[in-house]
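Novice: Quick check, what structure comes out for this input:
(chains A and B)
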Number of protein chains: 2
Amino acid sequence: MAKDKKTPRPKAETPKGFRDYFGAQVSQRTEMLRNIAAVYHRYGFDPLETSGVETVEALGKFLPDVDRPNEGVFAWEEDADWLALRYDLTAPLARVAAQYRNDLPSPYRRYAMGPVWRNEKPGPGRFRQFYQCDADTVGAPSVAADAEICAMLSDTLEAVGIKRGDYVIRVNNRKVLNGVLEVAGLSGDDKEAERGIVLRAIDKLDRLGVNGVRALLGEGRKDESGDFTKGAGLDAAAADVVMGFMDAGRETGAQTVARLSDLVAGSSVGMEGVQELQTIADLLSAQGYGPDRIVIDPSVVRGLGYYTGPVFEAELTFEVTDEKGNPRNFGSVAGGGRYDDLVKRFTGQAVPATGVSIGVDRLLAALHATGRLDATDQGPVVVTVMDRDRMADYQTMVADLRNAGIRAEVYLGNPKNFGNQLKYADKRNSPVAVIAGGEEFDRGVVQIKDLILGKQLAENATLEEWKDRPSQIEVPRAELVDHVLRMVAGQQADPA
Amino acid sequence: MAKDKKTPRPKAETPKGFRDYFGAQVSQRTEMLRNIAAVYHRYGFDPLETSGVETVEALGKFLPDVDRPNEGVFAWEEDADWLALRYDLTAPLARVAAQYRNDLPSPYRRYAMGPVWRNEKPGPGRFRQFYQCDADTVGAPSVAADAEICAMLSDTLEAVGIKRGDYVIRVNNRKVLNGVLEVAGLSGDDKEAERGIVLRAIDKLDRLGVNGVRALLGEGRKDESGDFTKGAGLDAAAADVVMGFMDAGRETGAQTVARLSDLVAGSSVGMEGVQELQTIADLLSAQGYGPDRIVIDPSVVRGLGYYTGPVFEAELTFEVTDEKGNPRNFGSVAGGGRYDDLVKRFTGQAVPATGVSIGVDRLLAALHATGRLDATDQGPVVVTVMDRDRMADYQTMVADLRNAGIRAEVYLGNPKNFGNQLKYADKRNSPVAVIAGGEEFDRGVVQIKDLILGKQLAENATLEEWKDRPSQIEVPRAELVDHVLRMVAGQQADPA
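Specialist: Below you'll find the model as predicted:
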């Protein structure tokens, strides 16, 4: 007779590029998103939650032109359709704005927060599921809507704990760039290839530096490996205009606007863009958002290819130490801008829209970097079990503590080894352990052990200043809650 | 020459069985989950968030035995692996408990909340993505852990707004059923088929009634269509024991336990189950959770097939009106129990676990049914635009209102048609509209329109009691915030 084939045990692993979030990693993000939502709500934005799954057709960017349309998305076939996990929160907004266009208020202000999925090669710190947090206004053509998003972004950063002075929101405008391209002689239909080269070159300013970009604007650039990238073929004067655009930032917004006006003189779209920047600056200034918070900055090039009007980026300006030990600015945590054709794909009708997306993980990392968030959550008070027949008594102690608002639990593992119970409390980062055996029950008392103080004493046994504060005290059972409250308060008051 | 082929426009639709959540539907659920998390946290549970995607291998229940392992899950192939969307929050917990078994505290108390996906035929009110909210204790063999989950469930229901008396948590035990099966002569290895028939029959008590179940315990049952279902073949005495089990509920827990003891006398596993029910009742009673909140109830049969020890179910006992206009109890909103082999699949080592899952949508529906939640959110105060050159002034009004904590926005659509602005405010459920044109700016005043009162007056023009309260007032610009605050407060005080 054949032996039973044993199924091999499954591997207990996340798929590559996915991860788990534990404890404070979850609760701190939840709390941050709650603070963000409160600001968005006050600005009149309504929450929208779409499902994680969309038709590939509705997602759009990844239309099926091959057998399996999983370029960048996780997709699968269902009957005749392809379904996919959303890769951002904007594509679902476009679908919603089209699907409910007769029911939604117009303008439609909505915010959305949740996971998105990217079918990309995972790398260190790069995950295939991550959170986005977006706010968009659909159907508002006025740049007042863009200005509002910038003001809201500023309020949001401060609401989650980024101090004024530690961030700046930079505003630029795609139309100014279009004006620059026109002045540089690249506005014709036959110049699309050259415009693409210029846009890509501008986008690489950080990486290639001024000379590298300049080379790409002209004949082309040979990189370190010897590979040659063809340039846009601009003459020196035209290249000067483009380079001047990126370098047009001046002391004040008025001076920057004046410089940009000079650069795009003669281009109507360029002047329109300059005028929009001026209007945004005026509107924000009237509401008290000065250049200490929001600035006109033509060096913002990220997203210029995608957006059609104003673009903005929130940068954290405080220094952190990079992997090599060098100080650098924390950098960008949010970006956005105005984009057209959001709904047009579906309905044929153009609908103007503008919005911002916050990098949730980046912003959380920033709050950790500024010391606004602890890495760990405080654990529960642990009521230990000396006598397992007294479980009802231990549970009653726990109930009393919880009813007083104290996070608490009874030890529910095997109570035989008392040391394991204290190790458990240590692993949970518990502030206090409660101990009571038969002898304590007979006398109507409990022992309360200050685990934080205990840890500090263990590290430095001669700690003078705590000599008069014992790490374990005996108190009447009836005073358990009062004493635990006092002990936890004492821990929080310590300059530890 | 061939004409350009036009790409047909994509359909703006959610995939079948998926839906969108708007406004209050999102914020009310978020708020409810926050209240639940606060209770879980106080009980010492830590949040865990796993990703939506798991390997099919780790999910387990749906191992690939066919080419496409999408029985009940959304799955797709990646290289040699199959990936799938999680179908519940328990399978990922099992994977996490195995993957991090050397790092996690033991017992591990965790809660999780988030969407899960089921690849099922959608139907009215049945969606393929929905929220679950679970709490589980892994590695605690004692029924004190089960008792704690019941107490926590009770606290949770009250924390979200279900009044005491409007719910009951019923507790049963799979081991008692095992004892009943033993007494009925169905404990042998060769009786597995019969045990399955009995379990399925018990599970259908609601639908088939006592006579239907009784028939299935005996020779079998012919349904209305004439189809015959083979029974378990129990004799009358054995069938009496099984029927007696489901009907063993008595006035008090002690009487129920005594009755169950009689039924399973002679079965050691049965007596163990009865003893566990007794212990749970004692522990809960010591903490003040009496039978007004948690009861021993052998009629709880849901989940008896899946769980291995205590099972519990939270039922809301208030009446609602069903589709046919008949009153009925609201019914179950949460359930759970003790289950083994959670981690064993992965590691070979048995780990005891117990937990509860709350039906998020059901519980939200219950809060609506009890009038605890409004269907709509209050909209923002809308500052209308009479003169588009004054946008900075309107934005400043909005900033003042927001800084006072008032939800407010300026109208950002095309301001030409003033009627559209008021229609917009109406669609947003706005409490107040602010109106100022050139003439008001010259005199330093604004108009404030009470939109709630306006609506009431429109419905009943002779409303005497509001005669002295005009629906629109003119106030100095400097007093805008004060007057809006007063107007909103007045609306909330009205017995509308």
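
Novice: Check which helices and strands the least confident helix or strand in chain A by mean pLDDT sits against.
Specialist: When the helices and strands of chain A are compared on mean pLDDT, DSSP states H and E, helix A:451-459 comes out lowest with a mean of 82. Helix A:451-459 is packed against helix A:418-427, with contacts defined by 3 or more CB pairs under 8 Å, 6 or more residues apart in numbering or on different chains; DSSP states H and E. Backbone N, C-alpha and C define where each C-beta goes, glycine included.

Novice: please redo it, this time with the cut-off set to 7 Å
Specialist: On a contact count with 3 or more CB pairs under 7 Å, 6 or more residues apart in numbering or on different chains; DSSP states H and E, helix A:451-459 meets no helix or strand.

Novice: May I see the buried residues of it?
Specialist: A:451-454, A:456-457 (16 or more other CB atoms under 10 Å in any protein chain shown).

Novice: Tell me the secondary structure at A:Leu405.
Specialist: If you look again at residue A:405, you'll see it is Gly, not Leu. Under DSSP: H, G, I helix; E, B strand; the rest coil, the three-state class of A:Gly405 is coil.

Novice: next one: phi and psi at it?
Specialist: Here is the backbone geometry of A:Gly405 (degrees, to the nearest 10): phi 90, psi 10.

Novice: again, but for the one 5 residues further on
Specialist: Per-residue torsions, A:Val410: phi -90, psi 150 (degrees, to the nearest 10).

Novice: So it sits against A:Tyr394, correct?
Specialist: Yes: between A:Val410 and A:Tyr394 there is a contact under CB atoms under 7 Å: 4.6 Å.

Novice: next one: stretch A:213-223 to chain centre, how far?
Specialist: Offset of stretch A:213-223 from its chain centre (CA atoms, centre = their mean, to the nearest Å): 35 Å.

Novice: My error: substitute stretch A:181-191 in the last question.
Specialist: The answer for stretch A:181-191 is 37 Å, by CA atoms, centre = their mean.

Novice: outside of it, which residues touch it?
Specialist: A:194-195, A:198, A:234, A:238, A:241-242, A:263-264, A:266-267, A:269-270 (CB atoms under 7 Å, 6 or more residues apart in numbering or on different chains).

Novice: Of the residues you listed, grab the buried ones for PyMOL.
Specialist: Provided next is the PyMOL selection string for whichever of the contacts of stretch A:181-191 are buried by 16+ other CB under 10 Å:
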select buried, chain A and resi 194+195+198+234+238+241+242+263+264+267+269+270
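
Novice: what packs against the helix or strand that comes right after the least confident helix or strand of chain A?
Specialist: As assigned by DSSP states H and E, the chain's next helix or strand after helix A:451-459 is strand A:472-476. Strand A:472-476 sits against strand A:445-450, with contacts defined as 3+ CB pairs under 7 Å, 6+ apart.

Novice: The strand it packs on versus helix A:418-427: what angle between them?
Specialist: Between strand A:445-450 and helix A:418-427, the angle comes out at 50 degrees (axes from the mean of the first three to the mean of the last three CA atoms, to 10 degrees).

Novice: Tell me if the helix or strand hosting A:Ala58 is near chain B.
Specialist: Here A:Ala58 sits within helix A:56-59, counting by DSSP H and E. Yes: Helix A:56-59 lies within reach of chain B by CB under 7 Å from any CB of the partner chain, at A:57-58.

Novice: pull the CA atoms of that helix into PDB?
Specialist: Taking Å, rounded to 0.1, in the frame of the first residue of the first chain, the C-alpha atoms of helix A:56-59 are listed here in PDB:
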ATOM      1  CA  VAL A  56      -8.500  47.800 -16.200                       C
ATOM      2  CA  GLU A  57     -10.600  49.800 -18.600                       C
ATOM      3  CA  ALA A  58     -11.500  52.400 -16.000                       C
ATOM      4  CA  LEU A  59      -8.000  52.600 -14.600                       C
END
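
Novice: State the mean pLDDT of that helix.
Specialist: Mean per-residue pLDDT for helix A:56-59: 90.

Novice: residues contacting A:Val385?
Specialist: Counting by CB under 7 Å, 6+ apart, A:Val385 has contacts A:391, A:394, A:410-411, A:415, A:421.
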